[in-house]
Each structure stands twice: as structure tokens, then as C-alpha cells.
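Trainee: Provide a 3D model corresponding to the input given below.
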Amino acid sequence: MAEFEIRGAHMGLIALAAGGTGGHLFPAQALAEELVRRGYITILLSDARAKSYGGDFPAIDIAEIPSSTLSIRKPWKLPFQAFRLWRGMKKSRILLGRNRPKAIIGFGGYPSFPPLLTAVKLGIPSAIHEQNAVMGRANRAMAKKVDVIASSFPEIAHLPEKLKDKVVFTGNPVRAVVIEAAKTPYAPPDGKGTFELLIFGGSQGAHYFAELAPKMLAEMPEAVRKRLHVTQQARPEDIDALRHDFNRLGIDATVESFFGDMPKRMAGAHLVMARSGASSVAELAVIGRPAILVPLPHALDNDQLMNARAFARAGAGWVYKQDMIQPEQMAAFITRLRYAPDDLMAAHKAARAFARPDAAARLADVVEKLAGADEKPAGAASGAATPEAASGGTNSGETS
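Mentor: Prediction:
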């Protein structure tokens, strides 16, 4: 949509540009929630996938922006991809030119590129937020052009030295439902009651865990399985087989393809096994749940591995590389943790110390400074956020 009607008094319009996955949209939503609390209105520029996440997004419009990656190694695709980028730039120019937001912030993903580049050309104050410990391709392409680079981790790997003056450490914003779930106290297992294990991942992670979980849990002593409750996210095509395996093993389990209340499920877990996408790590930290993290293998920039290592270095969990996991060894490790409440409580406390529950407010401060400046600010010259130590402890637990 190129134009919309804005009614009522407000502090101004802020544009948010993000890829259409939860990893990009969840922190954008968290920022939008904070900006709305402060009296701003927001628009979201993304792709068609955002519609499935955007039901609770506090924006007056969700605009679909054509975009594409450029496949240098597949040159026959370049003309079509370049055309989609041109269309995205054209639509962004119409939308941003007519409505003139006070600032724009991008959260990565290729749909964020056309709006951000267009905003820079129009002279709109701009920032990017990097959720991962290593900068993604879309953000890398815009890092030199935007005014501010906000980061989820105290350090961003492979960031050019000359750009570090632009960096403001804010943490990764989490949604209001995560902040609410974080109010649930952590009660470590007592050895007699039910042990709550939560297992989830993205599409690839869900399939991998659906294969691993039955093999792993079959290696546990029967007495442990009888006092175990598993909540697991699985792909639709894996659900029936997974439920059958759990039933065969005598394990009480809840298996679904999607949990709309995932933060609440996290809060109810004694231990989590998951991939290590940036939003998952941030939410686990804020809620304060010990986690075994299995990074997505063969990722282009190893971003999930670096996220997991930062979480584990803080003492909040353990990193296991997928190709090194043996079901019997993982079963033994989880069984040990099940009867080690002190270790789990220590990891819980470390996760909470690692968390940045005020990240949305810190990022909103950055955006407000951009929006209220008479001229473009010089990035992190504000000194808005001094990096705090996010490492420490001895519970790193990485297995390679």
C-alpha cells in the first residue's frame, strides 16, 4: 500500500523494515510496542511472510515490499532478481516519500534492503539492528550507509573497524508476551516430580529434533522416562510418527506443529533443547531457562553457533554441534541435569544475568534520538549504551 490515512495526535511516524521470519519480525514487533507506548505510530515494510506473524504487530500498515537476494553464482537469475529489487525500490520511494517517517530502522533480511536504501537516498534518518553475533548480509550491505548500528551482543563479528564508532549495544528486543512470561519463577526439579523438557526449532530444526528425540529418550532409564513430560514442536508430516514413538516409550508428551504461547511454554520448562537463532536466545535469556543449544549446521555465517557460544560462555547453557551428537550421550547428559538442581539453578541465574530485558527501551531511545535530531547524528557518538560484560562463569559446556 503506497498511502494511508493517519488520524489523531502522535509523536511521529517510524518505519520498520524487516525480513519475514520470526527472527527479524519479533524484535521489530518489540520495538514497535515500545514506540507505541511512547506515543509514536509505526509502519512495517516486509514481505508476504509477515502476514502470518503480523496479527499482533502494532503498525497502522504492513506493506509488502518486493525484493530478492542476488545470486552471483547463478547469473541467469540476476535479471529477474534485479527487477524485483527495482520494484521494491520504486514501491519504497512512493510509500516513504508520501508519508515521510521521522526515522527508519531495519532488522535485516533481504526485504529490509530496498526500504533502507531508499530512505538513505531520501535523507531519512536511518539505523539497523543486528540480532546475531555476526552481521547478516542485508545489514552488511547497509552498514556503511546508515547513521547507527544497534547490536544485540557487545561485539559483532567481522564488523569493519571503521564502522565500530556507529555501534550502540542495546540487546535484542523481546515482545511484551516474553516479558510477561519472565515473571514466572524458575523452580528446579526436585528429583521426585515431573521433569519438563521443551524441544523446538525452525523448520529444519524441528525435523532434526523429531528424529533425535525418540532415539535419545529411548536411552534413558525407564524410571526417568516415567517422570518426564516432553513438549515438542514438530513439522506436520512428523507429528504422527513422533507421537507414536513417545507413546511406545511410555513418555507423556505434547506435540504440535506450532505453539502460539511459546514464551509461556519456555517459562514452564526445566530445560530447553533448541536451535540458537537470535530471538530464541534472547527469549530464553529474558525468561531465564537453561538450554541445550544445537546450532543450525552449515549456516552461511555461522551466526547460530556464535549466538550459542555467547549464551554458553555466560554460563546459561550448553552448546552441542549437530554432527557430534550421539543419542546415548545426550540421554546421559539430560539425565544428569535432571538430578542436578543446583546446576540448573546456576544456569537459570546466568541466563537472567545475560539477558537484556530493557533492550526494546534502549533501542527506542536510539530511534527517538534519530527521529528528533535536526541533522543526522553521527551514530554512537551519543554513547547511549556502554557494552556490559555478557560472558563469565564456567558452564560453557560446548561439545565439538
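
Trainee: Quick one: classify Pro214 as helix, strand or coil.
Mentor: Here Pro214 is recorded as helix under DSSP: H, G, I helix; E, B strand; the rest coil.

Trainee: is it true that it touches Asp245?
Mentor: Yes: the pair Pro214 / Asp245 is scored as a contact, 3.7 Å apart, by C-beta atoms under 8 Å. From N, CA and C alone the C-beta is placed, and that goes for glycine too.

Trainee: Show me which positions of whatever helix or strand Phe83 lives in end up buried.
Mentor: Secondary-structure assignment from DSSP states H and E places Phe83 in helix 78-99. By neighbour count, with 16 or more other C-beta atoms under 10 Å as the criterion, the buried positions of helix 78-99 are 81, 84-85, 88-89, 91-93, 95-96, 99.

Trainee: from these, which single one is nearest Ala332?
Mentor: Sorting the buried residues of helix 78-99 by distance to Ala332 puts Gln81 at the head of the list, at 48.3 Å, by C-beta to C-beta.

Trainee: Please look at that closest one and Lys74 and confirm they touch.
Mentor: No: no contact is recorded between Gln81 and Lys74 when judged using C-beta under 8 Å, the distance being 9.1 Å.

Trainee: can you pull out the helices in the stretch 251-400 of the chain?
Mentor: Taking DSSP state H, counting those that start in this stretch, the helices of the stretch 251-400 of the chain run over residues 262-267, 278-287, 303-313, 327-338, 341-354, 359-372.

Trainee: I misspoke; the intended subject was the stretch 1-150 of the chain.
Mentor: Assigned by DSSP H, counting those that start in this stretch, the stretch 1-150 of the chain shows helices spanning 22-37, 50-53, 78-99, 113-122, 137-142.

Trainee: closest one to Ala308 among those helices?
Mentor: helix 22-37 (14.1 Å).

Trainee: and the angle from the closest one to helix 303-313?
Mentor: Counting by axes from the mean of the first three to the mean of the last three C-alpha atoms, to 10 degrees, helix 22-37 lies at 70 degrees to helix 303-313.

Trainee: Centre of the chain to helix 22-37, how far?
Mentor: The chain centroid and the centroid of helix 22-37 are separated by 11 Å under C-alpha atoms, centre = their mean, to the nearest Å.

Trainee: From the contact counts, what lies against that helix?
Mentor: Identification of packing neighbours for helix 22-37 by 3 or more C-beta pairs under 8 Å, 6 or more residues apart in numbering; DSSP states H and E yields strand 13-17, strand 41-46, helix 50-53, helix 176-181, helix 278-287, helix 359-372.

Trainee: buried residues in the last one?
Mentor: By that I understand helix 359-372. 359-371.

Trainee: Gly106 and Ala18 touch, don't they?
Mentor: Yes: taking C-beta under 8 Å as the definition, Gly106 is a contact partner of Ala18 at 6.9 Å.

Trainee: bridging residues for the closest residue to Gly317 other than its chain neighbours?
Mentor: Using C-beta to C-beta, 6 or more residues apart in numbering and skipping residues adjacent in sequence, the residue nearest Gly317 is Ala291, 4.0 Å away. Residues in a beta bridge with Ala291, per DSSP bridges, are Val272, Gly317.

Trainee: Against Pro189, how distant is Ala291?
Mentor: Taking C-beta to C-beta, to the nearest Å as the measure, Ala291 falls 15 Å from Pro189.

Trainee: The two: who's more crowded?
Mentor: Relative neighbour count places Ala291 above the other of Ala291 and Pro189, with 26 against 18, counting by other C-beta atoms under 10 Å.

Trainee: Isn't the more buried one up against Ala316?
Mentor: Yes: counting by C-beta under 8 Å, Ala291 does reach Ala316; the two are 7.0 Å apart.

Trainee: Overlap of the contact sets of those two?
Mentor: 284, 347, 351 (C-beta atoms under 8 Å, 6 or more residues apart in numbering).
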